[in-house]
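**Q** everything below, folded, please.
(2 chains)
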Amino acid sequence: MDPKFEHKKIEALIAERWKTGGYFKAERDAKKEPFTIVLPPPNASGRMHTGNVLMVAIEDLLIRWKRMKGYSALWVPGTDHAGFETQTTFERELKKKGKSRFDYDRDTLYQMIWDFVHENKALIEGQIQAMGASVDWSRYTFTLDPEAVATVLDTFEKMEKEGLVYRSDYVVNYSFKWGTTFSDAETTFKERKDPLYYIKYGPLTVATVRPETKLGDTALAVNPNDKRYKKYIDTEIEFEDVTGPNKLKVIADSYVDPKFGTGVLKVTPAHDKNDFEIGIRHGLAVKNVISTNGRMSDNCGKYAGLKVLEARTKIIEDLEALGSIEKIDAEYSHPVPVDYRSEDYIEQLVLPNWFIKVDDSKKSLKKPAYDVVKDKKVKIYPKWREATYLRWVENMHDWAISRQIVWGIRIPAWYNLEENPTVHVVFLDSSGKAVSGNAGDLLKTYSYEEIEKGLQSLNAPKECKYIVSKKKMGKPYLQETDTFDTWFSSGQWPLVTLHYPNSEDFKYFYPTSVLETGWEIVTRWVSRMIMFGIYLTGEAPFKDIYLHGHIRAIDGKKMSKSLGNVINPEDYIAEYGVDALRMGLISGTANGRDFNFPKDKILGYRNFANKIWNMTRFMLMMMEKEDFTKYEDLPEYSKDAAKTYSEEEKEIVKGLNSLIKQVDKNLEKYRFADAGEAIYQFMWHEIADKYIEYVKNLEDKRVALGLLRHVMLNCLKLLHPFMPFVTEAIWQEIPRNVARDLADSDWPEA
RNA sequence: GGGGAAUUAGCUCAGCGGUUUAGAGCACUCGGUUUACAUCCGAGGGGUCAUAGGUUCAAAUCCUAUAUUCCCCACCA
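**A** Alright, predicted model coming up:
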């Protein structure tokens, strides 16, 4: 043995050994109990970050532990197509080449991204392997594998048949920059200074930062308790507007804050989420005045076609001319919605979108998803996270599942262009020029085939009829160009990876045992998996949920590129080894709370790996010296033999037994750090500091050395799920009575 | 604005059902070439457990306020 534990040399050898052994391929064995974890799929074109390392470390720990305890342990690996993330990464690459997505038709673009992802996929797969993750590669799944896609489409079809799918106008967060909608979760707010205009509407005055949206006003609103305006409620106000004489109804809604501005709100249902809801409450018309191209729409009269900001300037001028501007507060600062990636402005627009009813009177999706956690049929660790889940699910509203991007699973709905001439189509004609317009008009000049081939996107008004079909419909049908929200497909991940509904794997391994992931996607992902699991199988897809904390940078701040504090786990793997990194992160993660990257602990566990390496080296040296080189040369541990042990020997046996119990107990409770810490303390400070020193000084070492070997072998088993490489490497050096590799060994019993 | 979490040694954190002198790793001090390990060994210093009240025979631990920090959700036109 080398005088030091050389992780670089050993890791690859050991990984190869496990691969040859085939220990991680889970067999369906009726005599065994299944233990299943589905790996939350990392982004297929991304690379490993510290969060992934922690996730792998915890899941591998659970899986190896249960496998050694005799379960049929299955850990299913996979990668995610990560719709929006990947498409934007790819578009950045395109930009470097002076191209953009608008240069390609939809099918070509999709194929290009497919190729891009498949060129990069091997990287993350290799990293998962290098981490020592004992996943079953024979069951590897990519979210866009044909079978995975088929399952997702089947689910959509079923939901559509059962009336859970609908199309509706909806206020979406729309980015002109990216040309797509963003979910609320992908939208943040940024403080910005904008002039606040006080605009007269007849006798009333309204304060707004968006005068241009006045073209879409369909009411004025006041607080029902506001004495100043009581007399105007339910009356119509007439006034001279920039477009000529106008009149608006005054409604009462408690959303209006009497203390803000003048206490009068202009209601623009098409361009503000809250106004949209007021509109629904009061049955107001929705007048769309801003189009997806960032310009004022056709129904804006003389302002039509102007960019939003141009229209604002113009309208202010016109209002000034009318004498309708009461005052301007130039110092007004307010939060504006921006997209979380580029912090570019987000406009709220009304677009037809695809929705899932989550609280249908006949078939509620959210209620059982709530109950199952409330009733502790699915347990969340740490417990205090439960409240987040319950609160969110309780307030869940219908789910907009469509995204205006190419990279994803295309919604399998088809529009008959002859029956729906108003479908708006954008395509590249045979010369590569972009053409857009209504299908009815375009079909007069272009053939269906040309449109279909060059199709970039379509936008079907909500009245359009559609047919759901997984097969290509052909002329005169065009397929919806929206794709599913990533969470719609990854929400079915446990079902997809286990080949729901008819496979043997599904019957044996479903529901899975534990879902382990970061808490930040509890709402977006975990709730959806529970919903789909119950909807399709009647059973939640997992029994326990363990949520690990976020890893912050060393400075205690969130890792971010702009702060330059992002930690690349590979640097630490190279310097300290996989085992040290895994164990260091696990020991930092205690209660599922966020924690700072535990640099010192990683160093500490690197030293520990070296320590147990040298303990073994020393033990073997003592054996060799006394010529106990074969297994049989030393006495085996037995309860009988233990009766004649010395105090020191009895002490170490007692310590080992209590350690085994402690490790099991802590792992049952997901207290990984405590379990690991206990092994560390025992091996270093009981075995090395005390017991080895004791053996060292004995005249006759036979019995004590035999016991040392016994204790060491058992400790290696306990430590293996935490630090798989170094323990396996040491295991191979010690003479044993069983040939099996450590990864394939049985868990010790106290 | 609503909700959650944290505040314990210089640093990062444990202390999960109230129990003897409050623990660990790193850092620090002193001393060590001892059949492996200096990524080591031995000894040691260092904490009024954020603050103020309360419950109790007994509180870092339970309760209530306050302060500070972090996070999530919402986002007043």
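**Q** next one: phi and psi at A:Asp29?
**A** phi -130, psi 110 (degrees, to the nearest 10).
**Q** got a pLDDT number for it?
**A** With respect to pLDDT, A:Asp29 scores 96.
**Q** over to the one 4 residues further on?
**A** In the predicted model, A:Glu33 carries a pLDDT score of 97.
**Q** what's the distance between it and A:Ile233?
**A** Distance, A:Glu33 to A:Ile233, by Cβ to Cβ, to the nearest Å: 67 Å. Every residue, glycine included, has its C-beta placed from N, CA and C.
**Q** A:Pro721 against A:Ala57, yeah?
**A** No: with contact defined as Cβ atoms under 8 Å, A:Pro721 does not reach A:Ala57; the gap is 9.6 Å.
**Q** pull the number of nearby residues for the residue of the stretch 351-500 of chain A found nearest RNA strand B.
**A** Closest approach between the stretch 351-500 of chain A and RNA strand B, counting by Cβ to the nearest atom of the strand: A:Trp384, at 4.3 Å. A count of nearby residues for A:Trp384, using other Cβ atoms under 10 Å, gives 12.
**Q** need the phi and psi values for it.
**A** The phi/psi pair for A:Trp384 (degrees, to the nearest 10) is phi -70, psi -10.
**Q** what sits against A:Val468?
**A** Shown in contact with A:Val468 (Cβ atoms under 8 Å, 6 or more residues apart in numbering): A:Phe156, A:Glu157, A:Glu160, A:Pro412, A:Ala413, A:Trp414.
**Q** mind checking pLDDT for the fourth one?
**A** Think A:Pro412. 97.
**Q** which one's more surrounded, A:Glu33 and A:Ile233?
**A** A:Ile233 (16 against 12).
**Q** the closest residue in space to the more buried one that isn't next to it in sequence pairs with what?
**A** For A:Ile233, ignoring the flanking residues on the chain, the nearest one in space by Cβ to Cβ, 6 or more residues apart in numbering is A:Ala252 at 4.8 Å. Going by DSSP bridges, A:Ala252 is paired in beta bridges with A:Val222.
**Q** up against RNA strand B, what does the stretch 651-750 of chain A have?
**A** Taking Cβ under 7 Å from any atom of the strand as the criterion, the neighbours of RNA strand B within the stretch 651-750 of chain A are A:669, A:671, A:673-674, A:677, A:681, A:684, A:688-689, A:692-693, A:696-697.
**Q** still on that earlier bit, let me have the contacts of A:Val468 in TSV, extended by neighbour count and distance to A:Tyr535.
**A** Formatted as TSV, the contacts of A:Val468 follow (neighbours: other Cβ atoms under 10 Å; distance: Cβ to Cβ, whole Å):
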residue	neighbour count	distance to A:Tyr535
A:Phe156	25	12
A:Glu157	15	13
A:Glu160	18	13
A:Pro412	23	18
A:Ala413	24	20
A:Trp414	20	24
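**Q** please flag which of these sit within helices.
**A** Of the contacts of A:Val468, the ones assigned to helices by DSSP state H are A:Phe156, A:Glu157, A:Glu160.
**Q** what strand or helix carries A:Phe725?
**A** Secondary-structure assignment from DSSP states H and E places A:Phe725 in helix A:724-731.
**Q** for that helix, what is the average pLDDT?
**A** 97.
**Q** care to break chain A down by domain?
**A** A:188-341, A:412-481, A:597-744 (automatic domain parsing).
**Q** what ranges in the stretch 501-650 of chain A fall below the confidence cut-off?
**A** Where the stretch 501-650 of chain A drops to pLDDT under 70, the residues are A:590.
**Q** can you list the residues of it near RNA strand B?
**A** A:520, A:523, A:556, A:558, A:588, A:590-591, A:593-596, A:598, A:600-601, A:603-604, A:606-607, A:609-611, A:614-615, A:617-618, A:621-622, A:625.
**Q** got a list of what the residue positioned nearest the centre of chain A touches?
**A** Compute the mean C-alpha point of chain A, and by Cα atoms, centre = their mean the closest residue is A:Ile521, 5.2 Å away. For A:Ile521, the contacting residues are A:Pro40, by Cβ under 8 Å, 6+ apart.
**Q** shouldn't it be within a strand?
**A** No: if the criterion is DSSP: H, G, I helix; E, B strand; the rest coil, then A:Ile521 is helix and not within a strand.
**Q** which elements pack onto the strand or helix carrying A:Ala369?
**A** Element membership for A:Ala369 (DSSP H and E) is helix A:366-374. For helix A:366-374, the contact count by 3 or more Cβ pairs under 8 Å, 6 or more residues apart in numbering; DSSP states H and E identifies helix A:386-394, helix A:527-537 as packing neighbours.
**Q** can you put the ones you listed in CSV and add mean neighbour count and distance to A:Val372?
**A** Converted to CSV, the helices and strands packed on helix A:366-374 look like this (neighbours: other Cβ atoms under 10 Å; distance: least, Cβ to Cβ, whole Å):
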stretch, mean neighbour count, distance to A:Val372
helix A:386-394, 16, 10
helix A:527-537, 24, 6
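**Q** off-centre distance for the helix or strand bottoming out on mean pLDDT in chain A?
**A** Least confident helix or strand, chain A: strand A:180-182 with a mean of 72, by mean pLDDT, DSSP states H and E. Chain-centre distance of strand A:180-182: 18 Å, with Cα atoms, centre = their mean, to the nearest Å.
**Q** same check on stretch A:668-686?
**A** The answer for stretch A:668-686 is 30 Å, by Cα atoms, centre = their mean.
**Q** could you show which parts of the stretch 151-300 of chain A are in contact with RNA strand B?
**A** So the stretch 151-300 of chain A meets RNA strand B at A:184-185, A:188-189, A:206-210, A:255-266, A:272-274 (Cβ under 7 Å from any atom of the strand).
**Q** go again with 6 Å.
**A** With Cβ under 6 Å from any atom of the strand as the criterion, the stretch 151-300 of chain A meets RNA strand B at residues A:184-185, A:189, A:207-210, A:256-257, A:260-261, A:263, A:265, A:273.
**Q** any idea which element A:Lys327 lies in?
**A** Short version, using DSSP H and E: A:Lys327 is in strand A:325-329.
**Q** I'd like the next helix or strand past that strand.
**A** Defined by DSSP H and E, the subsequent element after strand A:325-329 is strand A:333-339.
**Q** and that following strand, what other elements does it pack with?
**A** Using 3+ Cβ pairs under 8 Å, 6+ apart, strand A:333-339 sits against strand A:165-175, strand A:187-193.
**Q** CSV for these, including mean neighbour count and mean pLDDT?
**A** Below are these laid out as CSV (neighbours: other Cβ atoms under 10 Å; pLDDT from 0 to 100):
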stretch, mean neighbour count, mean pLDDT
strand A:165-175, 19, 86
strand A:187-193, 12, 81
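**Q** quick one, which of these gets closest to A:Pro635.
**A** When the helices and strands packed on strand A:333-339 are compared by Cβ to Cβ, strand A:187-193 sits nearest A:Pro635, at 66.9 Å.
**Q** contact partners of the closest one?
**A** A:173, A:331-340, A:343, A:346.
**Q** out of the residues you listed, grab the one that's most surrounded.
**A** Of the contacts of strand A:187-193, with other Cβ under 10 Å as the count, A:Ile346 tops at 25 neighbours.
**Q** contacts only, for A:Arg410.
**A** A:Gln479, A:Glu480, A:Thr481, A:Asp482, A:Thr483, A:Phe484.
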